[in-house]
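K.L.:
Output the structure for:
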Amino acid sequence: MSIHPSAVIAPGAVVPASCAIGPFCTIGPEVVLGEECTLISHVVLDGHTRIGARNSFHPFCAIGIPPQDLKYQGEPTAVEMGDGNTIRESVTISRGTMKGGGVTRLGSDNLLMAYAHIGHDSQVGSHCILANSATLAGHVVIEDYATVGAFCPVHQFCTVGAYAFIGGGTIVTQDVLPFSLTSSKRENKAFGINKVGLTRRGFSPERLQLLQKVFRLLVAAKLNTTQALEQIKQLEGEDAALVAAFIERSQRGVIK
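P.N.:
Coordinates of the predicted model:
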């Protein structure tokens, strides 16, 4: 086992021999690490935190810290993390609260860039990117393959749909449509599909064409959301159905 002499690992913590623990790292007594994790230096892992395999933690990140919620009174809430995530410098992930479900979750193969924050009870899927200083307030849902740009705050209880791309500096106060390219100049707008990102993910020309039709109905046609939704439901294809279902379950409304 590679553990720097200056690291502090509390009794009770589970640290496999395949992990590498760098200088000045602190691991709490209820932390469970998976195989082949790397803590480079000055990393804090605390609370009831369960971490999968092959995760990389860069200097000064803090995972499983108490939530920034004045109602929190030390209850045994948790953070759960999958495999293969890259957690860059000064990232913070708060554990959950009892009223919010008790668990903050991060899936697998995500990149969290420097100073990103995942607030209490948030649920982040897999293959997501949170750019520098992206900030998720409590109870945020980020679906698979979504990208949140630099300096983007996301309001409590908002959902960012699968494959969405949010441009840097966008203040998100409503749900972000799946597959969309959403950004802010004077006001938040969905500018259509995230064509470059979807192409990189292997979407066929046929899928892109269908999604362009869906977004024309939503953002270009002179239809309100209810009217556009009825026409989207008549289109064939799983992607159209996914967008329709996302709109129907939205609690805060969607950014058009």
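
K.L.:
pLDDT below threshold where in the stretch 51-200 of the chain?
P.N.:
Low-confidence segments of the stretch 51-200 of the chain (pLDDT under 70): 185-188.

K.L.:
can we see that at 90?
P.N.:
183-192 (pLDDT under 90).

K.L.:
What is the burial count for the residue nearest to L223 when sequence neighbours are not counted?
P.N.:
Nearest residue to L223 in three dimensions, chain neighbours excluded: L217, at 6.3 Å (Cβ to Cβ, 6 or more residues apart in numbering). For glycine as for every other residue, the C-beta is placed from the backbone atoms N, C-alpha and C. A count of nearby residues for L217, using other Cβ atoms under 10 Å, gives 21.

K.L.:
Pull the contacting residues for L217.
P.N.:
Counting by Cβ atoms under 8 Å, 6 or more residues apart in numbering, L217 touches 223, 228, 231-232.

K.L.:
so which two of those residues are the farthest from each other?
P.N.:
Farthest apart among these by Cβ to Cβ are L223 and I232. That separation is 9.9 Å.

K.L.:
Give the buried residues for stretch 174-187.
P.N.:
Residues 174-184 are the ones in stretch 174-187 that count as buried (16 or more other Cβ atoms under 10 Å).

K.L.:
one step back: ok, the contacts of L217 vs Q123, which is closest?
P.N.:
Closest approach to Q123 among the contacts of L217 (Cβ to Cβ): I232, at 25.3 Å.

K.L.:
For that closest one, give me the backbone phi and psi.
P.N.:
phi -60, psi -40 (degrees, to the nearest 10).

K.L.:
and what of A240?
P.N.:
With angles defined as degrees, to the nearest 10, A240 sits at phi -60, psi -40.

K.L.:
give the contact list for E80.
P.N.:
Taking Cβ under 8 Å, 6+ apart as the criterion, E80 is in contact with 49-50, 103-106.

K.L.:
In CSV, list these along with distance to V15 and neighbour count.
P.N.:
Output for the contacts of E80, formatted as CSV (distance: Cβ to Cβ, whole Å; neighbours: other Cβ atoms under 10 Å):
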residue, distance to V15, neighbour count
T49, 12, 23
R50, 13, 19
V103, 22, 18
T104, 21, 32
R105, 22, 20
L106, 19, 26
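
K.L.:
Mind telling me what element G192 is part of?
P.N.:
strand 188-193 (DSSP states H and E).

K.L.:
got the CA positions of whatever helix or strand comes next after that strand in PDB?
P.N.:
Counting by DSSP H and E, the element after strand 188-193 in chain order, helix or strand, is helix 195-200. Taking Å, rounded to 0.1, in the frame of the first residue of the first chain, the C-alpha atoms of helix 195-200 are listed here in PDB:
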ATOM      1  CA  LYS A 195     -25.100  19.000 -32.700                       C
ATOM      2  CA  VAL A 196     -21.400  18.900 -32.200                       C
ATOM      3  CA  GLY A 197     -21.600  17.000 -28.900                       C
ATOM      4  CA  LEU A 198     -24.200  14.600 -30.200                       C
ATOM      5  CA  THR A 199     -22.100  13.800 -33.300                       C
ATOM      6  CA  ARG A 200     -19.100  13.100 -31.100                       C
END
